[in-house]
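1. okay, here's the prediction I keep looking at, along with the sequence it came from:
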Amino acid sequence: MIGYVTLGTNDLQRGAKFYDALLSEIGATRFMEADTFIAWAVEPGRPSVAISKPFNGDVATVGNGVMVALAVETPAQVDALYAKAIELGATDEGAAGPREEGFYAGYFRDLDGNKLNFFCMS
């Protein structure tokens, strides 16, 4: 039921380059863009991910315990997207692989330290 998720960034262009390359792997493209934010979706009107400079002008910081989970169809997609994130400079938070029965995920932190994962249910 998630409509969209916004992640804070202190360097919009660096974040944009990271997410352009990473999210293109699942067919997502930029569909909204302004001076302070960019949003990607596979299809406009569907769930999306955005990065934004904080509205209040303060430095963006990581929310402890906050994570964004992005659903894909297969374990192979999880493996490829996790590897792509690491290749693009993300840091490992749990390599792609099976977790609990029927749940497969790979966890990473983006260039600003935001925690994300790609996952699928099998």
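-> Cool, got the structure. Keep in mind that this is a model prediction, so the values were computed, not measured.
2. show me which positions of stretch 21-36 end up buried.
-> By neighbour count, and taking 16 or more other C-beta atoms under 10 Å as the criterion, the buried residues in stretch 21-36 are Leu22, Leu23, Ile26, Ala28, Arg30, Phe31. No exception for glycine: its C-beta is placed from N, CA and C like everyone else's.
3. what comes into contact with it?
-> The contact list for stretch 21-36 (C-beta atoms under 8 Å, 6 or more residues apart in numbering) reads 12, 16, 20, 38-42, 44, 48-50, 52-53, 55, 70, 72, 77, 80-81, 84-85, 88.
4. out of the residues you listed, which are buried?
-> Among these, the ones that count as buried (16+ other C-beta under 10 Å) are 12, 16, 38-41, 48-50, 52-53, 70, 72, 77, 80-81, 84-85, 88.
5. what's the first helix or strand after the host helix or strand of Ala76?
-> In this structure, Ala76 sits in helix 75-87 according to DSSP states H and E. Counting by DSSP H and E, the element after helix 75-87 in chain order, helix or strand, is strand 91-98.
6. residue ranges with poor pLDDT in this protein?
-> Filtered on pLDDT under 70, the chain yields the residue ranges 1.
7. need the contact list for the residue nearest to Asp112 when sequence neighbours are not counted.
-> Counting by C-beta to C-beta, 6 or more residues apart in numbering, Asp112 lies nearest to Thr9, which is 5.0 Å off, once chain neighbours are set aside. Each residue near Thr9 by C-beta under 8 Å, 6+ apart is listed here: Gly15, Ile51, Ser52, Lys53, Ala60, Leu111, Asp112.
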